[in-house]
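[1] next comes the sequence, and after it the predicted model I'd like to discuss.
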Amino acid sequence: MVTYPQRLAQIYRFSEQQDVESFLQEHDDLSPILIEAYEQIQSHFGVGTPAALEVFRDPEAEHEPELFLVIQTSLPGDQARTKRAQLYEDWWLRNSGRACGRLHIDVE
């Protein structure tokens, strides 16, 4: 049986392996959302579209680190932003509350 951490490592690139793994261990409730997000990315941006997970820490802020899901598309900027907006409208706006402000989705 494949665990959530194993599945996430199969479908996402981790920018800093240890940082992302630690963040996901601490916030294991994000794993199901990340699996769903990947399926939505594939649906909106095309099968095989890569995505990465990055932990962001603002050294000047006092809030906790946040996880960024970065869709790594080769689409031109306008098309990528349009598809991201559609992803937000179709799925993310209804589901973002489950992430409690700890997960952000963007395109690169």
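    Nice, I can see it.
[2] what about residue 101, how many neighbours?
    Residues lying near residue 101 (other Cβ atoms under 10 Å) number 10. Backbone N, C-alpha and C define where each C-beta goes, glycine included.
[3] ah, wrong one, I meant residue 71
    22.
[4] isn't it right next to residue 92, touching?
    No. Judged on Cβ atoms under 8 Å, residue 71 makes no contact with residue 92 at a distance of 11.4 Å.
[5] find residues that contact each of these two.
    residue 105 (Cβ atoms under 8 Å, 6 or more residues apart in numbering).
[6] which residues does residue 53 contact?
    Residue 53 neighbours (Cβ under 8 Å, 6+ apart): 8, 12, 13, 14, 15, 20, 24, 34, 67, 68, 69, 70.
[7] now a ChimeraX select for only the buried ones of those residues.
    In ChimeraX, this line selects whichever of these come out buried by 16 or more other Cβ atoms under 10 Å:
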select :8,12,14,20,24,34,67,69,70
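[8] in CSV: the contacts of residue 53, plus secondary structure.
    Below are these laid out as CSV (DSSP: H, G, I helix; E, B strand; the rest coil):
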residue, secondary structure
8, helix
12, coil
13, strand
14, strand
15, coil
20, helix
24, helix
34, helix
67, strand
68, strand
69, strand
70, strand
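[9] tell me the two of the contacts of residue 53 that are most distant?
    Based on Cβ to Cβ, the longest span within these runs between 24 and 70 and measures 15.3 Å.
[10] ok, which stretches of the chain are strands?
    13-14, 51-56, 66-71, 103-107 (DSSP state E).
[11] which stretch among those strands comes nearest residue 4?
    So among the strands of the chain, strand 51-56 is nearest, using Cβ to Cβ, at 12.7 Å.
[12] mind putting the strands of the chain in TSV, distance to residue 42 included?
    Listed next are the strands of the chain as TSV, based on distance: least, Cβ to Cβ, whole Å:
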stretch	distance to residue 42
strand 13-14	15
strand 51-56	9
strand 66-71	10
strand 103-107	14
